[in-house]
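requesting a structural model of the entry that follows:
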Amino acid sequence: MAGRRRGFEREDRLGELLREILADELTRIDDDRLTFVTVTGVEVDRDLAFADVYFSTVDLDAEVEAAAAQILQRHRRRLQSAVGRQAHVRRVPALRFHPDEGMRAGARVEDILRSLREEAGEAPEPPPELAGGDAAGR
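Here you go, the predicted model:
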């Protein structure tokens, strides 16, 4: 049982390391279409063969996300090479890119809540930074 927990931690640590490397490497790629792409998470499978890279875009539109996935796939070799250089692992997992469905679901919930407030005649909630008071919340 203890060995199982250790493996889980290793996969999580490697996933977080890959997320940091990929996020940094995206800023180095000279492709304006990747300007608003954010790596939100990386899940590495147990045998470290694959790493599922989850990303979001500023525009949570499915077509924009599909285009971003294609662009990321075109740059996969460069990104994978960067992971190999920086992660210092024996086996570099093959990268697979997926839109982060959680981001889109969160935006959908926000839209539903906003429309319910509008139907109820309530004023929309201001963003937290504009809710009043200074940065310390006073």
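
going by C-alpha atoms from here, please, whenever you check contacts or count neighbours.
OK.

which stretches of the protein aren't confidently modelled?
In the predicted model of the chain, residues 1-8, 123-138 satisfy pLDDT under 70.

where do the strands sit along it?
Per DSSP state E, the chain carries strands over the ranges 37-44, 50-57, 94-99.

quick one: closest of those strands to Arg85.
Nearest to Arg85 among the strands of the chain is strand 94-99 (14.2 Å), distances taken as C-alpha to C-alpha.

let's have the strands of the chain in a markdown table, adding mean neighbour count and distance to Glu16.
Shown next, in a markdown table, are the strands of the chain (neighbours: other C-alpha atoms under 10 Å; distance: least, C-alpha to C-alpha, whole Å):
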| stretch | mean neighbour count | distance to Glu16 |
| --- | --- | --- |
| strand 37-44 | 21 | 7 |
| strand 50-57 | 21 | 11 |
| strand 94-99 | 19 | 14 |
